[in-house]
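In: compute the structure for the input listed below.
(2 chains)
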Amino acid sequence: METLRLVASYLMMVILAPPIMLGIITKTKAAVAGRKGPPVLQPLYDTIKLLGKGAVYSKTTTWMFRLGPVVSLAAVLAAASLVPLVGAPLIAFNGDAILFAYLFALGRFVTVTAALDTGSSFEGMGASREVAFSSLAEPALILSFASLAYRSGGLSLAQMFAPHGGPSAAASAILALGSLFVVLLAENSRIPIDDPNTHLELTMIHEVMVLDHGGPDLAFILHGAGLKLVLMTSLLVRLILPEMPAVGAVGSLVLGLAAAAVVIGLVESSMARLRLVRVPQLLVAAICAATFGLILTLR
Amino acid sequence: MLTVSISILLAGAAVSALTAQQPRVAAVVSLASLVIGCVTGIAAAMASVWMQAGTLEFVGSWSLPSARLALSLDGLSAFFLLTVLGVCLLAGIYGEAYVRRSDSLSQSKSVRPLFLLLTVSMAAVVCAQNAILFLFAWELMALASFFLVIIEDEHAEVRRAGFLYFVCTHTATLALFILFSILGKAAGTLDFEGIRTIMPPGESRSVVLLLLGMIGFGMKAGIAPFHIWLQEAHPAAPSHVSAVMSGVVIKVGIYGFLRLIWMLRSVPDFWAIVLIVAGVVSGVGGVLFALAQHDLKRLLAYHSVENIGIITLGLGLGCLGLSHHRPELALLGFAGAILHTLNHALFKSLLFLGSGAFYQALGTREIEAGGGLLKAMPWTSALSLVGAAAISGIPPLNGFVSEWLVYMASTSAVTVGEARLAAASIGGLALIGGLALACFTKAYGILCLGVPRTEAARSAHDPGPVMIVPMAALAALCAFIGLWPGPALCLVERAAAVVCGSAPEAAHLALAGFVANARLIGLIGACVIVIAAALAFLRFLLLGDRVALGATWGCGFAPSARTQYTASSYAQPLTRAFAPVLGVHTHARAPVGYWPADSTFSTHTEDRILDGLLIPFGSATVSLLAWVKRRQRSRLQYYMLSVALFLLILLAWKL
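Out: From the prediction side, this is the model:
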């Protein structure tokens, strides 16, 4: 019974949290710009509408193109089972943090190959940028995981991101946090690395890779991207935010996610996207911060 | 049983060489002896694993001093024998069809006997228990592979690659001669078991031993900076030979390293440091240079350097455990290295076999001559996809399991207080993983996806089932180890226990937690497949028949093969970011004027060590000596003067 409830609440989080979080980001950006903005649940309505639509496939494409959306969503769903979304994760073992990072790599592999399958130069461009930036984001992610793992004594997400009594003063934790925040922005194609709302194919990264997907495929991709954002944000939230006894583990995570969505919205409203040649510099800075963090932990 | 296998392979080589005039007979003989010999050998290795004891198979006397014909199968030898024979069997079956399809190769009389000779020599190397026998088999292996590399010697670049390989492999053999004479002198015997038991644990010579091991085994394995022959020799050889060379010949170098560590029993700290640094340099350097290549087999060869880097990283972490007396870390590091050896043998030979089929279809190894091959050659492309995903180290395939073990060893290294090494290896592994994904999406995407770029790519078709089935078997093994790593890890455990000198039960106990977690990883990988299938079914239900076909969206323009993204441009963000390391040469003719004529753009990347360091150094030496030679023609007095000067220097040195 207990397991059943855990799985049920997990499913609720996995299905509902991504669209709501994306909705809060959009709402925040609208509020800063002085607009009313679409309702918070708009991404959910979009997903439902897309699921009901048909699909147009390019004649150039093969089964590779159809594999992309389903495998990338499946990989993110599997990664979700490792993240303590409802107080505890579904599965936890020593070394699951590496699996978490590499499941995202699986998603990236199929998304990129699906993009290249269309034979479009725009999608090739997006794919090229995606792999370039993520291959620099990966060391930052794993090095910050390593420094957190050393503090907690095991390379398991549930241990590493256990709630603390308050913001840890340790310099290494702050460095890991900063590095993880940059990785979060890069992996989820947010400003300043990528602009999810741009309408110029030449400047996009993630969105341009999925130009040719439509209908249920696009719904899977959008939900997977949102879920990836929720997963990485909830790790950060668990690191910073103390668990509030009044609302419980789930409640404090949900509140934290909402607050993080507002922060991301504010970041996106207050700055422009970086020039593409500057992005590697930001990511290398994140790698350096993570390395310093690891070395400080080990001293 | 092992001797039976070796004799069958040797006899097959001899008979197929004698009957080379009748290709049909030679083909039947070589194929039959390959299959029977390999299967017997695999059975022998399995039996020795089952019985858990190192069995001394065959001891014969040999007229050479201190040489014995001693072959034995302990856990380590059995593991490498399985890898060697398994890959050789599949590549040999593929090779038979490959040779027949190729005009130049089917004329060759030597390719079949040489392939058998290469197989049997590798089997003998990994089972030899005596240094002389080891060196004999090692040399046989080097020569057989050399002649296989230069089999298409009508091309100048093949001869060049062959010569380079010849020089490198003999430098390695020379180093091994010195290495074994030092060991033999210290122990008084050239039997490996004797060296292990008698050898005093003095560490005074270890710098020399490590240096000789790095040159001897490292050059064969392709550890940077000794990798210089790989990217030349692998493209030159026929594809099934490249598969064996990249899959197992270079792994024999890794075996040598492990056997050396086994003989020495304990290694000093700096071995670990050197190996970890060499591993990170090979790994990151290998994948970066692979990223800049457009020749498929050259790209794959650089990827071997990368994977050897990961294996060396595991070796270094294992040595760290040995030197700090942490058996768990030692076992974990060696287990990661050994499993990655097997995994790389599987997916790299799969990719090389695939590259052979692509080469025969396209007539070139340039990936930009391909495009859309997933439609034209569905089987080869689909199987190569498994290899490409496995080598990128993504779950649910086998590459991830071994990389995960090396990651776990790296985080354990933190606990012995080697913070910088741990940071280097964790960061290095993560960077290698990301870059390998970039590299293989590039190679696979440009070659197999999108629109065909040439007429050859449009009219390409799959090879026959004899070439497809071995690739399918390798792909199935990759998926099996990824989804169910238990059996492979059981073999790996035994081999790692031998290297560390601990009992198999103790090793099993020490690694039990990691093995259980690896099983869990396989289970999660299976879940990903199930969820993806469920989602695909859901999509099928949702879509019904509302599926239309159209053209790719090109922002108002119709995309064509000429506007497709190319390999150079795909890799450009990364090659630009790492430009100081790579030194990419760009050849561009920009369009000028109002009515520009045709413009071109191409890039190529040379090897930093070979083309950037060794060849300039060599030609500088040659021109210096030529200068000296010109001077020589002068008068007798100069000779007298130089003799006097030399004597003076000698005198000064003596004083």
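
In: neighbours around the residue of the stretch 301-450 of chain B found nearest chain A, how many?
Out: Nearest residue of the stretch 301-450 of chain B to chain A (C-beta to the nearest C-beta) works out as residue B:434 at 2.8 Å. C-beta here means a position set from N, CA and C on the backbone, and glycine is covered the same way. Residues lying near residue B:434 (other C-beta atoms under 10 Å in any protein chain shown) number 28.

In: in chain B, which residue is most central in space?
Out: Closest residue to the average C-alpha location of chain B: residue B:246 at 3.8 Å, with C-alpha atoms, centre = their mean.

In: on the three-state scheme, that residue is what?
Out: What DSSP: H, G, I helix; E, B strand; the rest coil gives for residue B:246 is helix.

In: tell me if I'm right that it and residue B:348 touch.
Out: Yes. Counting by C-beta atoms under 8 Å, residue B:348 is a contact partner of residue B:246 at 5.0 Å.

In: between the two, what contacts are shared?
Out: Residues touching both residue B:246 and residue B:348 (C-beta atoms under 8 Å, 6 or more residues apart in numbering or on different chains) are B:300, B:304.

In: mind listing the helices for the stretch 51-200 of chain A?
Out: Secondary structure of the stretch 51-200 of chain A (DSSP state H, counting those that start in this stretch): helices at A:63-80, A:96-117, A:121-152, A:157-160, A:171-187.

In: redo those as TSV? Include mean neighbour count, mean pLDDT and distance to chain B.
Out: Converted to TSV, those look like this (neighbours: other C-beta atoms under 10 Å in any protein chain shown; pLDDT from 0 to 100; distance: least, C-beta to the nearest C-beta, whole Å):
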stretch	mean neighbour count	mean pLDDT	distance to chain B
helix A:63-80	24	94	4
helix A:96-117	27	94	3
helix A:121-152	26	89	3
helix A:157-160	22	84	11
helix A:171-187	22	87	11
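
In: got the contact list for residue B:341?
Out: B:80, B:83, B:251, B:254, B:311 are the contacts of residue B:341 under C-beta under 8 Å, 6+ apart.

In: quick revisit: out of the helices of the stretch 51-200 of chain A, which comes closest to residue B:370?
Out: Closest to residue B:370 of the helices of the stretch 51-200 of chain A is helix A:96-117 (C-beta to C-beta; 12.0 Å).

In: the closest one relative to helix A:63-80, how many degrees between them?
Out: Between helix A:96-117 and helix A:63-80, the angle comes out at 160 degrees (axes from the mean of the first three to the mean of the last three C-alpha atoms, to 10 degrees).

In: C-alpha coordinates for helix A:96-117, CSV please?
Out: The C-alpha trace of helix A:96-117 is given here as CSV (Å, rounded to 0.1, in the frame of the first residue of the first chain):
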residue,chain,number,x,y,z
ASP,A,96,23.2,6.2,-9.5
ALA,A,97,24.3,9.8,-10.0
ILE,A,98,26.5,8.7,-12.9
LEU,A,99,23.5,6.8,-14.4
PHE,A,100,21.4,9.9,-13.9
ALA,A,101,23.9,12.0,-16.0
TYR,A,102,24.3,9.3,-18.6
LEU,A,103,20.5,8.8,-19.1
PHE,A,104,20.4,12.4,-20.1
ALA,A,105,23.2,11.6,-22.5
LEU,A,106,21.0,8.8,-24.0
GLY,A,107,18.2,11.3,-24.5
ARG,A,108,20.7,13.7,-26.2
PHE,A,109,22.0,10.9,-28.4
VAL,A,110,18.6,10.0,-29.8
THR,A,111,17.4,13.6,-30.1
VAL,A,112,20.6,14.6,-32.0
THR,A,113,20.4,11.6,-34.3
ALA,A,114,16.7,12.3,-34.9
ALA,A,115,17.6,15.8,-35.8
LEU,A,116,20.3,14.7,-38.2
ASP,A,117,17.9,12.3,-39.8
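
In: and the residue of the stretch 301-450 of chain B closest to chain A, what helix or strand is that in?
Out: helix B:419-448 (DSSP states H and E).

In: flag every buried residue along that helix.
Out: B:419, B:421-448 (16 or more other C-beta atoms under 10 Å in any protein chain shown).

In: identify the residues contacting the residue nearest to residue B:273 when sequence neighbours are not counted.
Out: Spatially, and ignoring its direct neighbours in sequence, residue B:273 is nearest to residue B:421 (6.7 Å; C-beta to C-beta, 6 or more residues apart in numbering or on different chains). Taking C-beta under 8 Å, 6+ apart as the criterion, residue B:421 is in contact with B:272-273, B:276, B:316, B:320, B:413.

In: around chain A, which positions in the stretch 301-450 of chain B sit nearby?
Out: Proximity of the stretch 301-450 of chain B to chain A, by C-beta under 8 Å from any C-beta of the partner chain, involves residues B:371-372, B:374-375, B:385, B:389, B:392-396, B:400, B:404, B:407-408, B:410-411, B:414, B:417, B:419-420, B:422-423, B:426-427, B:429-431, B:433-435, B:437-438, B:441-442, B:444-446, B:449-450.

In: how many residues are close by the nearest residue to residue B:44 once chain neighbours are set aside?
Out: Excluding its sequence neighbours, the residue lying closest to residue B:44 (C-beta to C-beta, 6+ apart) is residue B:1, at 3.8 Å. By the measure other C-beta under 10 Å, the count of residues near residue B:1 is 16.

In: my guess is residue B:1 contacts residue B:40. True?
Out: Yes. Checked against C-beta under 8 Å, the pair residue B:1 and residue B:40 is within contact range at 6.0 Å.

In: immediately after the helix or strand of chain B with the lowest mean pLDDT, which helix or strand?
Out: In chain B, the helix or strand scored least confidently by mean pLDDT, DSSP states H and E is strand B:55-61, which has a mean of 71. Of the helices and strands lying after strand B:55-61 in sequence (DSSP H and E), the nearest is strand B:68-73.

In: thinking again about what came up before, the contacts of residue B:421: which two are farthest apart?
Out: Every pair of those checked by C-beta to C-beta; the farthest is B:273 and B:413, at 11.2 Å.

In: more neighbours: which of those two?
Out: Using other C-beta under 10 Å, the more surrounded residue of residue B:273 and residue B:413 is residue B:413, with 28 against 18.

In: residue contacts, that one?
Out: Residue B:413 neighbours (C-beta under 8 Å, 6+ apart): B:317, B:320, B:329, B:421-422, B:425.

In: now do residue B:331
Out: Taking C-beta under 8 Å, 6+ apart as the criterion, residue B:331 is in contact with B:318, B:321, B:493, B:496-497, B:500, B:502, B:507, B:510-511.

In: that one: helix or strand, and which one exactly?
Out: helix B:327-362.

In: what's the answer for residue B:299, then?
Out: Using DSSP H and E, residue B:299 sits within helix B:296-323.

In: so how far is that helix off the chain centroid?
Out: Centroid displacement of helix B:296-323 relative to its chain, using C-alpha atoms, centre = their mean, to the nearest Å, is 9 Å.

In: now swap in stretch B:337-349 and tell me
Out: 8 Å.

In: please, where are all the helices along the stretch 551-655 of chain B?
Out: Assigned by DSSP H, counting those that start in this stretch, the helices in the stretch 551-655 of chain B fall at B:567-577, B:579-582, B:615-632, B:636-654.

In: for those, which one sits closest to chain A?
Out: helix B:567-577 (3.6 Å).

In: now the angle between helix A:121-152 and that closest one, please.
Out: Helix B:567-577 and helix A:121-152 are oriented at 40 degrees to each other (the same axes, to 10 degrees).

In: what's helix B:567-577 in contact with?
Out: Taking C-beta under 8 Å, 6+ apart as the rule, helix B:567-577 contacts A:124-125, A:127-129, A:131-133, A:135-136, A:276, A:280, B:288, B:291-292, B:294, B:367-368, B:435, B:438-439, B:442-443, B:445-446, B:582, B:584, B:601-603, B:605.
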